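Undergrad: I'll drop the sequence and a predicted model, then ask my questions.
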Amino acid sequence: MIRAVLWDMDGTLVDSEDIAVEALACAMQEAGLSPPPDLKARVVGRSADEIYAIIARDFGLRADQLEWECRKHHHYFRAAERLRGYDDAVATWHRLAAAGIRQAVVSNSDRAIVDVNLRAAGLVRPGFVTVARNDVLLGKPHPEGYFRAAYLLGVEPHECLIVEDSGSGAAAALAAGIETVFVPHSHSAPPQGVRWLTSMAELEERVLGAR
């Protein structure tokens, strides 16, 4: 029986990835760097510390990490009014909640981004369990965030199902040994062992049909 669903956020519940990449590109340009055409492919699903390391290593960024994060956040928050939840995913969230399924969000984004994004999707409520990058020692592809979410929900990992959209997130989910699916709107092909949903109705059937 599935007692809990653990959701990735960016690209899964919230349409935020393009905004994040645009903010990153603006920060790079301010630092005198040229964003590559494949910037999105390089960074989607990665944590802020990983992205900082990539920009420093591959493009010669010299700013310290705090200054760099301030640049990125400035551009991201300026565009926050464009953030939207994916209608099908948010609707499924509400239907699962109404059926008594426990749910949490596990993100490689930091706490400030998580709060802004989930507020834009209308998902913030008292007692809402979220695990941001700040809450764990190791971000995805390490499974720590998913184990922490299960613990906070009071369920065992084998009682969970993970909803993802990226290779990094899928790697974390598979390392946790938890059944994982990809949302229909994912732009990444799921790895072996992860099913690509044709609709969010499939997720509801999988979770609610097992009760």
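TA: Received it, and whenever you're ready, just let me know what you need.
Undergrad: For the protein, which segments count as strands?
TA: Along the chain, the segments classed as strands by DSSP state E run 4-7, 14-15, 84-85, 102-106, 129-131, 160-164, 179-182, 195-196.
Undergrad: Please render those strands as CSV that adds mean pLDDT and mean neighbour count to the earlier fields.
TA: For glycine as for every other residue, the C-beta is placed from the backbone atoms N, C-alpha and C. Output for the strands of the chain, formatted as CSV (pLDDT from 0 to 100; neighbours: other Cβ atoms under 10 Å):
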stretch, mean pLDDT, mean neighbour count
strand 4-7, 98, 26
strand 14-15, 96, 24
strand 84-85, 96, 18
strand 102-106, 98, 24
strand 129-131, 98, 21
strand 160-164, 98, 26
strand 179-182, 97, 23
strand 195-196, 96, 14
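Undergrad: Sketch out the low-pLDDT regions of this protein for me.
TA: Filtered on pLDDT under 70, the chain yields the residue ranges 210-211.
Undergrad: Name the residue most distant from the centre of it?
TA: Farthest-out residue of the chain from its mean C-alpha position, per Cα atoms, centre = their mean: Gly32, at 28.7 Å.
Undergrad: In CSV: the strands of the chain, plus distance to Arg71.
TA: As requested, the strands of the chain are exported to CSV (distance: least, Cβ to Cβ, whole Å):
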stretch, distance to Arg71
strand 4-7, 28
strand 14-15, 22
strand 84-85, 24
strand 102-106, 25
strand 129-131, 25
strand 160-164, 28
strand 179-182, 31
strand 195-196, 35
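Undergrad: Between the ones you listed, which one is closest to His74.
TA: Relative to His74, the nearest member of the strands of the chain by Cβ to Cβ is strand 14-15, separated by 19.5 Å.
Undergrad: How about the contacts made by Arg84?
TA: Residues in contact with Arg84 (Cβ atoms under 8 Å, 6 or more residues apart in numbering) are Val14, Asp15, Ala120, Ala121.
Undergrad: Would you check how far apart it and Glu204 are?
TA: Distance of Arg84 to Glu204, computed by Cβ to Cβ, to the nearest Å: 21 Å.
Undergrad: Same check on Gly193?
TA: Counting by Cβ to Cβ, the gap from Gly193 to Glu204 is 21 Å.
Undergrad: the more surrounded of the two?
TA: Set side by side, Gly193 and Glu204 show more neighbours around Glu204, with 17 against 10, by other Cβ atoms under 10 Å.
Undergrad: Wait, that one touches His94, no?
TA: No: look at Glu204 against His94 with Cβ atoms under 8 Å: they stay out of range, at 10.8 Å.
Undergrad: His73: which of the strands of the chain is closest?
TA: With distances scored as Cβ to Cβ, the stretch of the strands of the chain nearest to His73 is strand 14-15 (16.2 Å).
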